[in-house]
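Chemist: With the sequence up front, the predicted model follows.
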Amino acid sequence: MTRSSSNDRLSWPDYFPSDVPPDEAQPAGGEAFRLVSAIPPTKDDFKSTYEENRKRKHQEFWKACGSSLYTDLEGAMVTRERYKHLRETKKIAVGRLTPDMGMMLSTPNPITNAHLTVWFRLNALPHLAFTAAQSEEI
């Protein structure tokens, strides 16, 4: 994706560096899972990692500009189980990403290969496309 268009640049949050989303990112699409605080999820449930904790020093800022989602339920469950604060506060939502929401890139991590970084456009409303994954117990 090239960043030559000023209109395109305006569609991203102002804290994004000029190389975010990265060139290898693809238009968002397909089923995805997200750890959320509420069912139904709210727009705040889709904040970027950077927005969730602006004071934290992020080793990979380009990645922190995005939100962590998962390509399968197991990836979301494994991540939630790994951290006590997530087990106690997060539910799992499932939804369908669409190209108008933003860009995505597979970013496997030591916990799961199902990790996905999604950079949402300013006008994106992903929370409207997500609901509880399976049952409320999840």
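Modeler: Right, received. Where do you want to start? Numbers count the residues shown, from 1 in each chain.
Chemist: ok, then the element right after the longest helix along the chain?
Modeler: Counting by DSSP state H, the longest helix found in the chain is helix 73-82. Note on helix 73-82: by DSSP states H and E, the next helix or strand toward the C-terminus is helix 84-89.
Chemist: quick check, D14 in a helix?
Modeler: No - D14: not assigned to a helix; according to DSSP: H, G, I helix; E, B strand; the rest coil it is coil.
Chemist: Determine the number of other residues adjacent to it.
Modeler: If you count neighbours by other C-beta atoms under 10 Å, D14 ends up with 7. Every C-beta, even on glycine, is put in place using the N, C-alpha and C of the backbone.
Chemist: What values do phi and psi take at it?
Modeler: phi -70, psi -20 (degrees, to the nearest 10).
Chemist: ok, now how distant is it from H85?
Modeler: In this view, D14 and H85 are 29 Å apart by C-beta to C-beta, to the nearest Å.
Chemist: So which residues of this structure form strands?
Modeler: 26-27, 30-36, 67-70, 91-97, 102-106, 115-120, 130-132 (DSSP state E).
Chemist: Generate a markdown table for those, with mean neighbour count and distance to T79 as supplementary columns.
Modeler: Written out in a markdown table, the entries for the strands of the chain read as follows (neighbours: other C-beta atoms under 10 Å; distance: least, C-beta to C-beta, whole Å):
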| stretch | mean neighbour count | distance to T79 |
| --- | --- | --- |
| strand 26-27 | 14 | 22 |
| strand 30-36 | 20 | 7 |
| strand 67-70 | 24 | 7 |
| strand 91-97 | 21 | 10 |
| strand 102-106 | 21 | 15 |
| strand 115-120 | 24 | 8 |
| strand 130-132 | 17 | 16 |
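Chemist: Compare these and give me the one nearest E60.
Modeler: Closest to E60 of these is strand 115-120 (C-beta to C-beta; 9.5 Å).
Chemist: what's the angle from the closest one to strand 30-36?
Modeler: Strand 115-120 runs at 90 degrees relative to strand 30-36, counting by axes from the mean of the first three to the mean of the last three C-alpha atoms, to 10 degrees.
Chemist: re the thing from before, compare the strands of the chain and give me the one nearest N53.
Modeler: strand 67-70 (12.6 Å).
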